Structures are given as C-alpha cells and as structure tokens.
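Chemist: structure, please.
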Amino acid sequence: MAVRLYEAKDHAAAYLQYRVAPHELISRIMGFMGEKTPNQFELAVDVGCGSGQGTVLLAPYFTKVIGTDISDAQLEMALVNSNPPNVSYSQCPAEELPFASGEVDLVTAMTAAHWFDRQKFLVEADRVLRPGGCLALLSYTMDMELECGDISNTLNDICKEFYAALLPFRNPYIGSSSVKIYSDMFQSCLYPDKEWNECLRVKHIVPLNGYIGMVETFSSYQKLLQKDPAEAERLSDDIRSKLMSAMNVSSPDTEVTLVVKYFYWLARKPVILTG
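Modeler: Residues are numbered from 1 along each chain as shown. Predicted coordinates for the structure are as follows:
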C-alpha cells in the first residue's frame, strides 16, 4: 500500500467488530461477472482485505478466495474470523500481488483502494486478471446517516457535528473526496466494458454504540485519538449522549438504522480474439 494504516492491534480488533460487511455489493459484483461468464469461477483476490468481512462473502462463488493486506494486525483479525475452507490470506502490498499473470478471475478492493498507489495498483490488477476477468472497487462516503422515526433529521444534525470535528484530521493522501479518487481511477481504467455507480444506500440495524464504534475506526478519528486521547473520548461521549438524548433512551445499545452510502465501479478485462 502507498499509505500504511490500520496496523495497531486494538484498531484492527475494532475494525473487525464494527465495520459492516457489503453483502449487497457482492451480489452486484457477481451479477456483473455472470453477464458474460456465468460459470463457477476459480480465484478471487480481495486486496486490502483488512479483517476479512468482505473476503468471506466471496467464498460461495469461487473455488478459492485469497485476501491480501499489508497489515499484520489486520490479517491476525482475519484469521480470528470464521473463515470458509476455501478462504485464505496473504501479506503483500496492493501493488505487488503474488499471482501469475492472467491467473485471477476477480480482483476487488473494498474500502481500501484510496490508500493504494492507485496507478500502480491498476497496472498490477490488469496483470493478474485473466482476459474476461473483472475488477471491482467499492467504498462509501463518511457521511453515514441514522434513521429513527420522526427524529432522523435531528440525529443526522448530530452526526454532522461528529464528521465536522473529524474533518481536520482527514489524511491528505485521500483529500476532501474519496468519490473523486474512485471516479478518477474509473476514468483511467481503459477497459471499454465498465460501469460507475455513484450511490447505493444500504441499511443496517445496529446498536447506537455500533455506529459510534464504526466512526471510531475511521482513520481521521484514529489520528485524533493518537494526538489527543482525552479529546477523542470526549467527542465520542458527547455525540453518544446527544444521540441518546434525542432518541430519549438510556441505553447506548438501543438499535437504530444506519444508512451507508456506497459508491463503486466494475470493469471487465477485454478478451483478445485470435484467428
């Protein structure tokens, strides 16, 4: 990876506990793959796999799934996860994948590609993909929303306070907009068969503490935590208290609907016809 983060063990453990798995996106990826080659696929590689929440979702569709990551701590958490027998993990940079040219059916990166050396990664993904193989990159915007009856707007005003407080700690490598990063990567991909999807709203029922915990896994929160642990804790406690007050509840385990806004793009490597 061009930027190394998520390597502390406690951060990796929180990542495994709180990050949501993109079930709906997997079905979109497999639908795109099945349009041209509807057979059972051999090998999927999930790059920047983290603790493996997305990696394991690929298992039903492939003979073998390999998650790769640069972080020892993340891969340790991935191995703690409940893994199907056809899922394994490998430590390597995103730009140096340990696969032969043309060996891979699917290369995917789930909420990770913005940390890569993006052009080198695209070249490497092209190298390992077989003709007709697919590349799938997905992520989501930071401005997740909460839904709870007629107080959703109030809750989201509080959420915006959380995001605004973390904005100064956003890593400059990803700039002000992750969407632009992925859009630029999409534009630079020369595969003619590709599609861009700006927003897919996915809803999850989570405890209020689950929402707080997820935001705390963001790199911007982790940067604040390193700089000023007391301020980071105060911020989380303040947002939690405000949300509980708005909901008129006494327990942070009270469930709420979390809306995650995904964006993603899919591309198919051309098949070169001969003869």
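Chemist: residue 169 and residue 232, how far apart?
Modeler: From residue 169 across to residue 232, the span is 9 Å (Cβ to Cβ, to the nearest Å). Placement of C-beta: from N, CA and C, glycine included.
Chemist: gap between the residue nearest the centre of the chain and residue 142?
Modeler: Residue closest to the average C-alpha location in the chain (Cα atoms, centre = their mean): residue 111, at 2.4 Å. Distance from residue 111 to residue 142, counting by Cβ to Cβ: 11 Å.
Chemist: in the stretch 151-275 of the chain, which spans are strands?
Modeler: For the stretch 151-275 of the chain, applying DSSP state E, counting those that start in this stretch gives strands covering 193-207, 255-268.
Chemist: for those strands, give me JSON lines that also has mean neighbour count and mean pLDDT.
Modeler: Converted to JSON lines, the strands of the stretch 151-275 of the chain look like this (neighbours: other Cβ atoms under 10 Å; pLDDT from 0 to 100):
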{"stretch": "strand 193-207", "mean neighbour count": "14", "mean pLDDT": "92"}
{"stretch": "strand 255-268", "mean neighbour count": "20", "mean pLDDT": "94"}
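Chemist: to residue 153, which of those lies closest?
Modeler: Checking the strands of the stretch 151-275 of the chain against residue 153 by Cβ to Cβ gives strand 255-268 as the closest, at 12.9 Å.
Chemist: packing partners of that closest one?
Modeler: Using 3 or more Cβ pairs under 8 Å, 6 or more residues apart in numbering; DSSP states H and E as the contact test, the elements touching strand 255-268 are helix 23-34, strand 129-140, strand 145-147, helix 178-188, strand 193-207, helix 208-216.
Chemist: angle of it against strand 129-140?
Modeler: 150 degrees (axes from the mean of the first three to the mean of the last three Cα atoms, to 10 degrees).
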